[in-house]
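Asker: need a structure here:
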Amino acid sequence: MSFPVSARALLPLGVFLSLFLGTGLWFTLQGHPDAFYQLRAPVAILPAIALALWLGRRDKPLDTLLAGMGNSDVMLMCLIFLLAGAFAAVSKAIGGVDAVVWLTLTAIPSWLALPGLFLVAGFVALAMGTSMGTIAAVAPIALGVAEAAGIAPALALGAVLSGATFGDNLSVISDTAIAASRLQGASMRDKFRANFWLALPAALSCLVLLALLGDGTAAPSVAPASPWLALPYLIVLVLALLGVDVLVVLGVGLVLAGAFGFVLKSGYSAAAFSSDIYAGFEGMFEITLLSLLIGGLAALVRAQGGLAWMAARIARLAGGSAGRRSGELSIAAISTLTDVFTANNTVALLISGSTAREIAERHGVSPARSASLLDIFACVTQSVLPYGAQILLAASIAKASPLELVGQVHYGGLLALAALASIAFGLPRRALRPAPVPGLVQAG
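Answerer: Numbering: from 1, shown residues only. So this is what the prediction gives:
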């Protein structure tokens, strides 16, 4: 399907970002404790949607809006949000989170709590292939560990978000990895290798940084808890590591948490279980609604040619400069900007993939390298967007401002630095093999 090309189609997204971020920053400067909750994001996006509907008034924009809101990726995110909220609420109510925190802090020194959270989240995301499911499973544990060890909640959640980004970016079953490799005509093996040599130094640097940030943390005094109450969480993590679908993982975890509550928590009833599930749903209302509205707005912007205009401009700039470095920077730029305007890394890759492949072929960038850069910069951008699903989910679980978390996702910045240094210095050499003859697609 072809789309028109128009810069004005980007205006609605500019309106949303200006209202949401501008208002939040204004109240932050005024010292308001709930700065980003003075103008809620689902309200801030309404004028943007109204403008997008008006701009596309000749092309049945309401149908496009509804189709975007009902997109399968958007619906999947909403289901994950709801199940994650329910599982977190039930687990907390039965004492499961307290049990996991007790086991965690008795097994490792408190100053290693942050690197431990990074590694747990990284392994889970690597196995599940989704950062969203990882955050849903690990974030409540991180909050409990932070409270018990005296660590800032935002710092603990930043470690989880960092680990989730690391694992999702490397996972061979991640939707972003699959999309990037197929769109660039690269094998998954070659794409993984290209990613690995950039992710490894960033991950090691992040672990060292987290250990330093956690150094000096006072030894927590944690009340002993029944280890049996931790079993639902442990089973969820095992299922995730086995690669079970995220919806199945969260559904099984929810049922197990309720069952363990009936058996081990005095007075926990079916009525309490039902109430906790609904309380978890309510806690995810804002992020679910915002995801639906962002999906619709992104569809309108795409249909009106805003994203195509942006991709064309980047491709034109790349065409004016010769050399591998110029091509790789252009691929990084198109991935980053498309994700900024869609707030969904998979959608961003699907939109920018064909343009990135043309740039790669023109500038002699190998398919694996192109796929790696596309995936890396989409994941990095998504991990620090205050209106992106990952940050919003973590902020909803912590009842915190999204902007508090953005500055704590240290792995995202380190990975971006590693990738930019790689572009500048042409490393690693193995990832820079000349691109194959255009038209020849490797097995994906």
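
Asker: Please count neighbours and contacts with C-alpha atoms only from this point.
Answerer: Will do.

Asker: Can you list the residue ranges for strands in the stretch 1-150 of the chain?
Answerer: Taking DSSP state E, counting those that start in this stretch, the stretch 1-150 of the chain contains no strands at all.

Asker: which stretches of it aren't confidently modelled?
Answerer: Applying pLDDT under 70 to the stretch 1-150 of the chain flags residues 1-5, 33-37, 97, 101, 104-105, 110, 127-129.

Asker: For it, just list every one of the helices.
Answerer: 11-29, 41-55, 61-69, 72-94, 96-107, 113-128, 131-149 (DSSP state H, counting those that start in this stretch).

Asker: if I look at Leu39, how far off is Gly407?
Answerer: Per CA to CA, to the nearest Å, Leu39 is found 21 Å from Gly407.

Asker: what residue lies at the spatial centre of this structure?
Answerer: With distances taken as CA atoms, centre = their mean, the chain has Gln390 as the residue nearest its mean C-alpha position (3.8 Å).

Asker: List phi and psi for that one.
Answerer: Note on Gln390: backbone dihedrals following degrees, to the nearest 10 are phi -70, psi -50.

Asker: got it, and Leu414?
Answerer: The phi and psi values for Leu414, taken as degrees, to the nearest 10, are phi -70, psi -40.

Asker: The residue nearest to Val15 when sequence neighbours are not counted: neighbour count?
Answerer: In this structure, Val15 finds its nearest non-sequential neighbour in Ala48, 5.6 Å apart by CA to CA, 6 or more residues apart in numbering. As a burial measure, Ala48 scores 21 neighbours (other CA atoms under 10 Å).

Asker: Could you measure from Ala48 over to Ala398?
Answerer: Taking CA to CA, one finds Ala48 at 27 Å from Ala398.

Asker: got it, and Ile287?
Answerer: 13 Å.

Asker: Between the two, point out the one with more neighbours.
Answerer: Taking neighbours as other CA under 10 Å, Ile287 and Ala398 compare with Ile287 leading, 23 against 17.

Asker: what's the more buried one in contact with, if anything?
Answerer: 81, 389, 392-393, 396 (CA atoms under 8 Å, 6 or more residues apart in numbering).

Asker: tell me the pLDDT at Phe166?
Answerer: At Phe166, the pLDDT value in this model is 91.

Asker: Around it, how many other residues sit close by?
Answerer: By other CA under 10 Å, neighbour count at Phe166 equals 30.

Asker: And for the residue lying closest to it once chain neighbours are set aside, the neighbour number?
Answerer: Distances taken as CA to CA, 6+ apart place Gly122 nearest to Phe166, at 5.8 Å, with adjacent residues excluded. A count of neighbours around Gly122, defined by other CA under 10 Å, yields 28.

Asker: ok now do Gly122, which residues does it touch?
Answerer: By CA under 8 Å, 6+ apart, the residues touching Gly122 are 160, 162-168.

Asker: mind running it again at 10 Å?
Answerer: With contacts defined as CA atoms under 10 Å, 6 or more residues apart in numbering, Gly122 is in contact with 116, 128, 131, 134, 159-171, 203.

Asker: And Leu204, by the same measure?
Answerer: Leu204 neighbours (CA under 10 Å, 6+ apart): 115, 210, 411, 414.

Asker: how about Arg58, phi and psi?
Answerer: Arg58 adopts backbone torsions of phi -90, psi -10, taken as degrees, to the nearest 10.

Asker: related to what we said a few turns ago, the residue nearest to Phe166 and Ile141, how far apart?
Answerer: 14 Å.

Asker: And for Tyr411?
Answerer: 20 Å.

Asker: out of those two, which sits in the busier spot?
Answerer: With neighbours defined as other CA under 10 Å, Tyr411 and Ile141 compare such that Tyr411 has more, 29 against 26.

Asker: Would you agree Lys191 is in contact with Leu183?
Answerer: No. Here Lys191 does not reach Leu183: they are 11.7 Å apart, not a contact under CA atoms under 10 Å.

Asker: what do the two both touch?
Answerer: What both Lys191 and Leu183 touch, as defined by CA under 10 Å, 6+ apart, is the set 177, 367, 370-371, 444.

Asker: which one of these sits closest to Leu293?
Answerer: Nearest to Leu293, judged by CA to CA, of these is Ala177 at 25.6 Å.

Asker: what about Ala211, is that helix, strand or coil?
Answerer: helix (DSSP: H, G, I helix; E, B strand; the rest coil).

Asker: burial measure for it, as a count.
Answerer: 18.

Asker: quick revisit: does the residue nearest to Val15 really touch Ala41, like I thought?
Answerer: No. With contact defined as CA under 10 Å, Ala48 does not count as touching Ala41 (11.1 Å).
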